[in-house]
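Visitor: Here is a sequence with its predicted model. Questions after.
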Amino acid sequence: MKIVHLSDIHFGAVDAAAAGALPAYVRSLNADVLVVSGDFTQRGRAGQFRAAAEWVRSMGLPVVAVPGNHDVSVYAMWRRVSFPLTRFERWVGELPSSRKVLIGAPGFVGRIDCAWRWEFPGWRFVGLNSARRLAGDLKFPLTNGGLSERQMAIVEREAAGMAAGVQLAVVMHHPLLAPVGMEGKAGMTCRHAVEIVRRFSAGGVGLVLSGHLHRAYVTKVGGMMVVQAGTAISNRLRDEAPSFNVIGAGVVVHRFVEGQWKSG
């Protein structure tokens, strides 16, 4: 299977040239699935979600998608606390996918620790919402995200229930591992990342796809590959050009350089 992995598209803060060129470029890759690991919007506004969904739909691929911290309402606290994912589900949840199943609590009843499942030939994807409504503590502020015990247990059950020969990929917005050379820097991983990595790698997860840091890198822990995507089309750059990943036999980073998308 060939997977296109985008993240942090941030509609509301988009690089128009990169965004305009990317759909045709992705269609030319003849991929099987498009994964978007969160931050569809800059401020969680309805118009931003609508524009993001239309743009993603134009790539013509089945979509696996999870929300990011920017997709939970920023300014309306009543919505953030009581209905954190209704806009995400309304527009992103209606994108074409392959047998999407809700296996956690839906956001519209106020639960934040949602999980979803998608099935493809030879692959099972489990998507987790790692965005949080309120800060857990000062060391791990709101933007860092995290997973609940319930979400980690869901992944373990999904792994245990797979047929032989099926690979399990987890999609979440917040990173589990820091970039090389930044391991001790604050804000590089989500809350309880060490425990999550231990349980996922021991439980049979083969691939984790994330974003959030706007940096592209790949790390391995035992048999588990952890792939971080940069920001695909936003103007919120952090010393890297806009980029996305293509995952097949290996991982290839594609970057927007000198006005065009290029591999490698």
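Guide: Received the coordinates, thanks. Numbering: from 1, shown residues only.

Visitor: pLDDT weak spots in the stretch 101-250 of the chain?
Guide: Along the stretch 101-250 of the chain, the parts satisfying pLDDT under 70 run over 104-111, 133-143, 186.

Visitor: and if we set it to 80?
Guide: Counting by pLDDT under 80, the stretch 101-250 of the chain has low-confidence residues at 101-112, 132-144, 181-187, 238.

Visitor: So which residues of it form helices?
Guide: Per DSSP state H, counting those that start in this stretch, the stretch 101-250 of the chain carries helices over the ranges 149-160, 193-203.

Visitor: Mind listing residues that contact the first one?
Guide: Around helix 149-160, the neighbours that count as contacts under C-beta atoms under 8 Å, 6 or more residues apart in numbering are 103-104, 113, 115, 117, 124, 126, 128-129, 168, 170, 195-196, 199-200, 203-205. Just so you know, the C-beta spots here come from the backbone N, C-alpha and C atoms, and that holds for glycine as well.

Visitor: same thing but at 6 Å, please
Guide: 103, 113, 115, 126, 128, 168, 170, 199, 203-204 (C-beta atoms under 6 Å, 6 or more residues apart in numbering).

Visitor: Could you dump the helices of the stretch 101-250 of the chain into CSV with mean neighbour count added?
Guide: Shown next, in CSV, are these (neighbours: other C-beta atoms under 10 Å):
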stretch, mean neighbour count
helix 149-160, 17
helix 193-203, 17
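
Visitor: Just put those in a markdown table and tack on distance to residue 224.
Guide: What follows is the helices of the stretch 101-250 of the chain, written out as a markdown table (distance: least, C-beta to C-beta, whole Å):
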| stretch | distance to residue 224 |
| --- | --- |
| helix 149-160 | 11 |
| helix 193-203 | 4 |
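
Visitor: List the contacts of the residue most central in space within the chain.
Guide: Geometric centre of the chain, nearest residue: residue 37, 1.3 Å, by C-alpha atoms, centre = their mean. Residue 37 makes contacts with 7, 171, 173, 209-211, as judged by C-beta under 6 Å, 6+ apart.

Visitor: Dump the residues you listed into a markdown table; add distance to residue 85 and neighbour count as well.
Guide: Below are those laid out as a markdown table (distance: C-beta to C-beta, whole Å; neighbours: other C-beta atoms under 10 Å):
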| residue | distance to residue 85 | neighbour count |
| --- | --- | --- |
| 7 | 18 | 32 |
| 171 | 15 | 25 |
| 173 | 12 | 27 |
| 209 | 19 | 27 |
| 210 | 18 | 28 |
| 211 | 17 | 32 |
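
Visitor: export those residues to TSV and tack on distance to residue 42?
Guide: Below are the contacts of residue 37 laid out as TSV (distance: C-beta to C-beta, whole Å):
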residue	distance to residue 42
7	14
171	21
173	14
209	21
210	19
211	14
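
Visitor: now, which of the contacts of helix 149-160 sits nearest residue 234?
Guide: Relative to residue 234, the closest of the contacts of helix 149-160 is residue 128; by C-beta to C-beta it sits at 22.2 Å.

Visitor: wait, doesn't the closest one sit right on residue 117?
Guide: No - look at residue 128 against residue 117 with C-beta atoms under 6 Å: they stay out of range, at 10.6 Å.

Visitor: And these two? Which one has more around it.
Guide: Under the neighbour definition other C-beta atoms under 10 Å, residue 128 and residue 117 were set side by side, and residue 128 has more, 28 against 17.
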